[in-house]
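>>> Only the shape, not the letters, is given here:
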C-alpha cells in the first residue's frame, strides 16, 4: 500500500519562531517575546524576563526570520516544493494585543487574510494552530493565565474571532500546540504561570482550564462552519523500558500514561482517564472539575489527532541516579544504545514512528497527522552557496518509509508536515544554528545576516517526494 492520493504533504512553522515584527502594526508582546537567546554549545538555557530589555539582551523572536515581511517569498518556495498543506500559527497578541480586549486588532487580522490569500493562490491548504505557546504576556501578568477561568473566555473570544473571519479560507485547525507540555513543571509558563511559584494543584487546574478552552473552541467552530476539522496537538515522546525488569516496565507505563495518554484521552475521548484520578488522589491534587465541565469536555472532542515526533527515549525506575541521560524535546530519559543521536543529543528512531502511529491509532481510531518531525543540525554553506544536507535527507527518508508501513498496518494517516520547513529560531535554545529547514535562511545566533533564502539539497529531494506522493525517495 502507498500513500493515499489526497495525502497532505507540507511543512510546519510557528509565528513566534519565524514571523518577527514583534511590536509592529499593533501587536502586543507574547510570552515568547520575553525569552532571551540560549545556547547548547555554551550550555546556557533561555532566560525569561518579566521586563524586556533590548538594550542589554537579544530576544530572538523579535525579528526571527522576519517572515512577516517575507511571507510571499516563503510561500512561493513552499509552492515550488509542491506543498499541499502549510501548518502555521496565528500570533494571539497580533489579534488581541493584551488578550482581554473585546475588539480585535484589524491590522493583525488583515495580515493573516493576506497570508491565506497567498496560500490559496498556490492551492496550499492552511493548517492553523490557534495557540502555539503564544499567549499575550498581559494575560499571564494580570490573570495568571489559564489559572483564572476568565482566560477561558478570552481564548474563546479569540478563537471565535478567527473562525468567523477565516471561515471560508481555513478548514483545518489545532486548538493548542503540544498541550501535554502543561503536565511538566517547566511547562507551566505556556499556561501563563510565571508570576510566582505555583502548586501542582494550580498547575493542573490551569491545564484543566486549557482543556475547557479547547472544548469551547471546538463547539464554537463547528457551529460557525460544520465543515471545519478541529484537532488536538501533543508532543509525543515514545518510551521504551531500558530493561526487561518489571520495575522498568511499570515505570515506563506510568510515565507514558501521564505524559502521552492523559491529554489525548481528555481531548479525543472527552473524559479524564482513571490513572490521572489515581495520580491526583495519591498526590493530594484537588482540581475543580464540575459536572458542567464534564459535559463540555464530552461535547468538545476533536475531529483528528496530531502530534510531534522527533525521538524516543528509555525509562528506568532509577532515572534520577543514572549518568547516561539523554536530551530531547521536552523530555529526557536514558540512552538507547541501539540508536544514533543528532547534533543536539536527540535519539533518532524512524522505526519508533511506525510503532507510535500504531500505538496512537489503536487507542483513538481517529485520523492522524504527524505535524512536527525533523532533524535539527548544523548546516555548512559551501563556497558555491550550496548546502549538501544528505543527513537530513536520510533522516526524512527513513521516517517516511516507516509512515508508509504504518499506513499498510491500517493506520489512518492523512498528513505530514516536517518541522521548520524553512530555517527558524529554536524554541528550546533560541538558536538559528539548530537548523531544520529545506530552505536556508542567512541568519546567525546573534541576529546577524541578510535573511536571504536559499534552497538546500533536501529542498529538491522533498519536491520529488511530494511529486511522486512518497514513491520516489532516492
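Perfect, I can see it now. Predicted model, so just to flag it, every value in this text is computed and none were measured.

>>> From now on I want contacts and neighbour counts done on CA atoms only, so please keep to that.
OK.

>>> low-confidence ranges in the stretch 351-474 of the chain?
Counting by pLDDT under 70, the stretch 351-474 of the chain contains no low-confidence segment.

>>> residue boundaries of the helices in it?
390-409, 457-467 (DSSP state H, counting those that start in this stretch).

>>> Can you add mean neighbour count and distance to residue 163 and give those helices back as JSON lines?
Below are the helices of the stretch 351-474 of the chain laid out as JSON lines (neighbours: other C-alpha atoms under 10 Å; distance: least, C-alpha to C-alpha, whole Å):
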{"stretch": "helix 390-409", "mean neighbour count": "18", "distance to residue 163": "31"}
{"stretch": "helix 457-467", "mean neighbour count": "19", "distance to residue 163": "30"}
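
>>> so which of these comes closest to residue 83?
The closest of the helices of the stretch 351-474 of the chain to residue 83 is helix 457-467. By C-alpha to C-alpha, the value is 7.4 Å.

>>> so how far is the closest one from its chain's centroid?
23 Å (C-alpha atoms, centre = their mean, to the nearest Å).

>>> who's in contact with it?
9, 80-83, 386-390, 392-393, 438-439, 471-474 (C-alpha atoms under 8 Å, 6 or more residues apart in numbering).

>>> try stretch 176-185
In contact with stretch 176-185 (C-alpha under 8 Å, 6+ apart) are residues 129-133, 187-188, 190-191, 203-204, 207, 214, 232-235, 258-260, 262-263, 307-308, 330.

>>> Weed out the non-buried ones from those residues.
Taking 16 or more other C-alpha atoms under 10 Å as the criterion, what is buried in the contacts of stretch 176-185 is 129-133, 187-188, 190-191, 203-204, 207, 214, 232-235, 258-260, 262-263, 307-308.

>>> Can you list which of those residues are found in helices?
203, 204, 207, 214, 262, 263 (DSSP state H).

>>> and the gap between the third one and residue 171?
The spacing between residue 207 and residue 171, counted by C-alpha to C-alpha, to the nearest Å, is 26 Å.

>>> Could you list the low-pLDDT ranges of the chain?
Residue ranges of the chain with pLDDT under 70: 1, 41-43, 321-332.

>>> try 90
For the chain, applying pLDDT under 90 flags the ranges 1-2, 38-46, 185-187, 318-335, 341-346, 428-429.

>>> now for it, which residue lies nearest the mean position of the chain?
In the chain, the C-alpha nearest the mean C-alpha coordinate belongs to residue 177, at 4.5 Å (C-alpha atoms, centre = their mean).

>>> I'd like to know the phi and psi angles of that residue, please.
Main-chain dihedrals, residue 177, degrees, to the nearest 10: phi -80, psi 130.

>>> returning to that earlier point: make JSON lines out of the helices of the stretch 351-474 of the chain and add distance to residue 338.
Formatted as JSON lines, the helices of the stretch 351-474 of the chain follow (distance: least, C-alpha to C-alpha, whole Å):
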{"stretch": "helix 390-409", "distance to residue 338": "16"}
{"stretch": "helix 457-467", "distance to residue 338": "26"}
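
>>> for the ones you listed, which one sits closest to residue 123?
It's helix 457-467; of the helices of the stretch 351-474 of the chain, that one is closest to residue 123 (C-alpha to C-alpha) at 14.2 Å.

>>> what angle sits between that closest one and helix 390-409?
20 degrees (axes from the mean of the first three to the mean of the last three C-alpha atoms, to 10 degrees).

>>> rewinding a little: can you name the two of the ones in helices among the buried ones among the contacts of stretch 176-185 that sit furthest apart?
So, these by C-alpha to C-alpha: farthest apart are 203 and 214, at 16.8 Å.

>>> returning to that earlier point: using ChimeraX, define a selection of the buried residues within the contacts of helix 457-467.
Typed into ChimeraX, the line below selects the buried ones among the contacts of helix 457-467, using 16+ other C-alpha under 10 Å:
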select :9,81,82,83,387,389,392,393,438,439,473
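
>>> taking the contacts of helix 457-467 one by one, which sit in strands?
Among those, the ones falling in strands (DSSP state E) are 9, 439.

>>> which stretches of the stretch 151-300 of the chain form helices?
Here the stretch 151-300 of the chain has its helices, by DSSP H, counting those that start in this stretch, at 200-224, 246-256, 262-264, 274-282, 291-299.

>>> and the second one, what does it pack onto?
Yep, that's helix 246-256 we're talking about. strand 238-241, strand 312-315 (3 or more C-alpha pairs under 8 Å, 6 or more residues apart in numbering; DSSP states H and E).

>>> how about a cut-off of 7 Å?
strand 238-241 (3 or more C-alpha pairs under 7 Å, 6 or more residues apart in numbering; DSSP states H and E).

>>> Pull the residues that contact the strand it packs on.
248, 249, 252, 256, 312, 313, 314, 315, 316, 356 (C-alpha atoms under 7 Å, 6 or more residues apart in numbering).
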